[in-house]
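Just to be clear, the model below is a prediction. Sequence and coordinates:
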Amino acid sequence: MPAEPARSVQTTWLYTLGSIVFFFGFLDLVVALSMLEAYLRTDDPVTAVLVVLMLVASATQLRYCWFLRVGRGGGLPNPWWTAALLAPAVIVWVLGLFSQADALAAAVPLWAAASLIACLLPKPQRRLVLLVALVTVIAHPMLATAVTGEQFVFGRTSDTWMIAIFAAMLPVMLLSSMWWWEVVVQLDRHRRTAAELAVTQERLRFASDLHDIQGHHLQVISLKSELAERLLEIDPAAARELVHETRLIAKQALEETRSLVAGYRHVAFDDELENAREVLTASGAECTLRLGPLPADALAQSALASVVREATTNILRHSEATTVTIELTTTSERVELAIANDGVAVQSAVTDATDASAATNSTGATDASAPGRTAGPAVGPTVTRAPGSGLAGLRERLAAVGGTLETATDASGTRFELRATVPVGARVTT
């Protein structure tokens, strides 16, 4: 269900409607008073009928103004409303030919009705309606002179000038008010769209952080549980230690998830590096850390910690690496993190070229469904795991702080490298 317009939009519409109604009411009042003055001067019964019909025409015009909320070219309302608007105006125009009242005043109701209708029509039809209405206004004094024999003199009374000026301004006032109303409506739509986008972006950010936490920890829990199961009969003490570590990791995942929900989660970059080395070593890979000075910028640390976490998870899930190198280089302008492993060749042997290309783009390995990792000799059936989806999120996160993420495979096709670069003093960009 679309969001309701803001209260300020409703207030703007009431202000716009009030301005239009006031303009119409004032013009109709001037015309009615001009006709009433002519009746009191001549005691003409036709003019008396004109005064009554003028009041009816004014009432229908004011009610018709409510339909302008659809904006310019928004379409006409029920035909009966349009007929009710035109009927008294046409009758006043016809009776004005035989009345002693000002001939120009008798043509104003039809001009006002045509101006209202024109606002709701598409631009070509709008111009045509206004042109026809203008012709009827100009023709009315000429026809009245031919019928009554009394020469029409423009400006004979002060009312004529006022009526002419206000009638000329009527379509300009209507169209400009409608344009202003449409601007307000568009701004409100953009405001609601921006709010929906902000909510969507926050959901994506939360989903990305949740993927980072749960994906990493669950992968480690799975690995340690598998190792504990295999060591249960061979080395119960080591298996017990692994079960204990698994419990601690699960507790840590629970705490970080709660912190994420509360919005207070902070990533410790050095902890992530040590955790990565411990987990990769436990999986049977030789992990080497070559670390320069850690960046002082909190945003850079958070972004690079996410890279370490995602890269570690992908190595555990999608490769059979035996050696992993994590190298951090810090200069005065940027921080560069390179994570390389030799687990590409094993997967290449069990995938075709198409799968290899797709998986390299998304996970940094050659296959998105590689055999599961084992520590030491393989025992039991091989586990197939689904591909990760974190590299695209990492690229977006690094781009937000002005960083980049690149992946490459060496000439022999046996070593894969992920390289992340973040500028020193990174700032979030939108």
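Ah, there it is. Numbering: from 1, shown residues only.

how about the helices in the stretch 51-200 of the chain?
Here the stretch 51-200 of the chain has its helices, by DSSP state H, counting those that start in this stretch, at 79-95, 103-119, 123-148, 158-210.

nearest to residue 13, of these?
helix 158-210 (6.6 Å; CB to CB). Where you see a C-beta, it was placed from the backbone N, CA and C, and this is true even at glycine.

Now find how far off-centre the closest one is within its chain.
Distance, stretch centre to chain centre, for helix 158-210: 16 Å (CA atoms, centre = their mean, to the nearest Å).

try stretch 311-318
35 Å.

average pLDDT across that stretch?
Average pLDDT, stretch 311-318: 81.

now do stretch 58-65
91.

circling back: need the helices of the stretch 51-200 of the chain in a markdown table (columns: mean pLDDT and distance to residue 278).
A markdown table is the format used below for these (pLDDT from 0 to 100; distance: least, CB to CB, whole Å):
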| stretch | mean pLDDT | distance to residue 278 |
| --- | --- | --- |
| helix 79-95 | 91 | 77 |
| helix 103-119 | 88 | 73 |
| helix 123-148 | 86 | 71 |
| helix 158-210 | 81 | 22 |
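
which of those sits most buried?
helix 103-119 (a mean of 25; mean count of other CB atoms under 10 Å).

what inclination does it have with respect to helix 123-148?
160 degrees (axes from the mean of the first three to the mean of the last three CA atoms, to 10 degrees).

which helices and strands does helix 103-119 pack with?
helix 7-42, helix 45-64, helix 79-95, helix 123-148, helix 158-210 (3 or more CB pairs under 8 Å, 6 or more residues apart in numbering; DSSP states H and E).

Report the distance from that helix to the chain centre.
42 Å.

Next: stretch 54-70.
37 Å.

Just the buried residues of that stretch, please?
54, 56-58, 60-62, 64-65, 67-68, 70 (16 or more other CB atoms under 10 Å).

Show me what counts as buried in the helix or strand hosting residue 407.
For residue 407, the host element (DSSP states H and E) is strand 404-409. For strand 404-409, burial by neighbour count (16+ other CB under 10 Å) applies to 405, 407, 409.

if you skip the residues just before and after it, what's nearest to the first one?
Setting aside the residues directly before and after it, residue 405 is nearest to residue 395 in space (CB to CB, 6 or more residues apart in numbering), at 4.7 Å.

again, but for residue 143
Leaving aside its chain neighbours, residue 143 sits nearest to residue 97 (5.6 Å; criterion: CB to CB, 6+ apart).

how near is the one you found to residue 85?
21 Å (CB to CB, to the nearest Å).

same thing with residue 41?
Residue 41 is 30 Å from residue 85, by CB to CB.

OK, contacts around residue 405?
By CB atoms under 8 Å, 6 or more residues apart in numbering, the contact list for residue 405 reads 307, 391, 394-395, 398, 418-421.

that older thread, so what strands line up beside the strand holding residue 407?
Its sheet considered, strand 404-409 pairs with strand 416-423 (antiparallel) by DSSP bridges.
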